[in-house]
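>>> My questions concern the predicted model and sequence given below.
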Amino acid sequence: MLERKEKQRLQLFSKKIQMYTMKTIGSLGVGHVGGSLSIADLLAVLYGKEMKYDSRNPQWEERDWLVCSKGHAGPALYSALALMGYFPESELETLNRPGTRLPSHCDRNLTTGIDMTTGSLGQGASTAAGIAYGMQLDGKTNMVYLILGDGEIQEGQVWEMALFAAHRKLSNLIAFVDYNHVQLDGYTDDICSLGDVREKFESFGWFAQDVDGHDVEAVAQAVKIAKSQKEKPSMIVLETEKGHGWSEIAGKLNGHCPTVSKVQLDSALAEMQGAYDKIKEGIL
């Protein structure tokens with residue numbers, strides 16, 4: 001269990017990530033809003049509590065690694081990195097513009113704090129397992145965290161990785177599925193139903209859990225439990241809502257990569273600021 005103040009701190013951090021993400025995408029006028037907002041709580045737990053890192057020394061050899069395989073959620077990750085001091089917050093307004101260091105999808109060659117280039121769905125799963133295997137061979141204790149989209153796990157490459165990671169007993173690999181039920185062009189159940197994701201990964205030899213992906217305490221507890229077992233790779237299936245935090249698109253099909261007008265941006269930020277204030281006052 002988290003202490004009340006720590007839980008509140010992580011909740012506030014999550015709301016900041018959401019607001020910065022909205023400002024980042026809003027400055028451009030279009031972007032992957034839905035799948036960025038749905039992982040804000042996870043990023044708050046990872047960067048606010050669980051991961052070892054040093055923003056002043058991004059290449060620190062003892063750091064934990066994060067692979068955001070759903071690379072289109074880069075704006076949320078950039079927001080978390082800026083908030084933790086990897087680069088100036090003002091740089092967020094350069095998203096996907098000429099000369100930017102913040103492309104629409106994660107790129108380790110451009111962005112300080114990004115450990116792996118991603119965007120071609122499924123490939124981040126393989127690279128994360130490769131990194132974890134390399135750490136294992138070198139006798140290092142670094143953890144590797146992997147974020148997958150639910151539509152993404154329809155890719156066969158993900159399941160090839162799942163077999164490999166279980167065979168190699170990569171207990172230093174903790175993966176998350178952002179199970180928000182909506183992919184690019186429809187609901188996952190309509191396009192290619194995923195069934196019981198936790199059960200599927202268990203059958204592939206993983207230690208797997210289901211949690212509320214918008215409950216920072218539940219997510220933190222799941223990570224703690226995953227770290228405690230040393231025999232298998234871990235999968236944490238996050239039950240989330242696409243576009244969480246902005247009611248205009250939350251859970252809807254139009255939330256994958258919408259345009260964001262000035263009016264919409266102001267409305268979303270007002271809604272998020274209201275939630276932030278309630279958390280700070282102890283109402284939420």
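That came through fine.
>>> roughly how far apart are the spatially closest residue to residue 166 that is not a sequence neighbour and residue 170?
Of all residues not flanking residue 166 in the chain, residue 205 sits nearest, at 3.1 Å (C-beta to C-beta, 6 or more residues apart in numbering). From N, CA and C alone the C-beta is placed, and that goes for glycine too. Residue 205 is 10 Å from residue 170, where distance means C-beta to C-beta, to the nearest Å.
>>> what about residue 145, is that helix, strand or coil?
strand (DSSP: H, G, I helix; E, B strand; the rest coil).
>>> How much space separates it from residue 63?
Applying C-beta to C-beta to residue 145 and residue 63 gives a distance of 11 Å.
>>> got it, and residue 119?
Taking C-beta to C-beta as the measure, residue 119 falls 22 Å from residue 63.
>>> do the same with residue 231
Applying C-beta to C-beta, the value for residue 231 to residue 63 is 24 Å.
>>> quick one: which of those two has more around it?
The neighbour count for residue 231 versus residue 63, taken as other C-beta atoms under 10 Å, is higher for residue 63 (17 against 9).
>>> The more buried one is in what secondary structure piece?
Residue 63 is part of no helix or strand, with elements assigned from DSSP states H and E.
>>> so who does it touch?
51-54, 142 (C-beta atoms under 8 Å, 6 or more residues apart in numbering).
>>> mind redoing it with 7 Å?
52-54, 142 (C-beta atoms under 7 Å, 6 or more residues apart in numbering).
>>> now these in CSV, with neighbour count and distance to residue 67?
Output for the contacts of residue 63, formatted as CSV (neighbours: other C-beta atoms under 10 Å; distance: C-beta to C-beta, whole Å):
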residue, neighbour count, distance to residue 67
52, 12, 15
53, 20, 14
54, 13, 18
142, 18, 12
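>>> Most widely separated two among those residues?
Pairwise distances across the contacts of residue 63 peak at 12.9 Å for 54 and 142 (criterion: C-beta to C-beta).
>>> all strands of the stretch 51-200 of the chain, in order?
65-68, 144-149, 173-179, 182-183, 186-187 (DSSP state E, counting those that start in this stretch).
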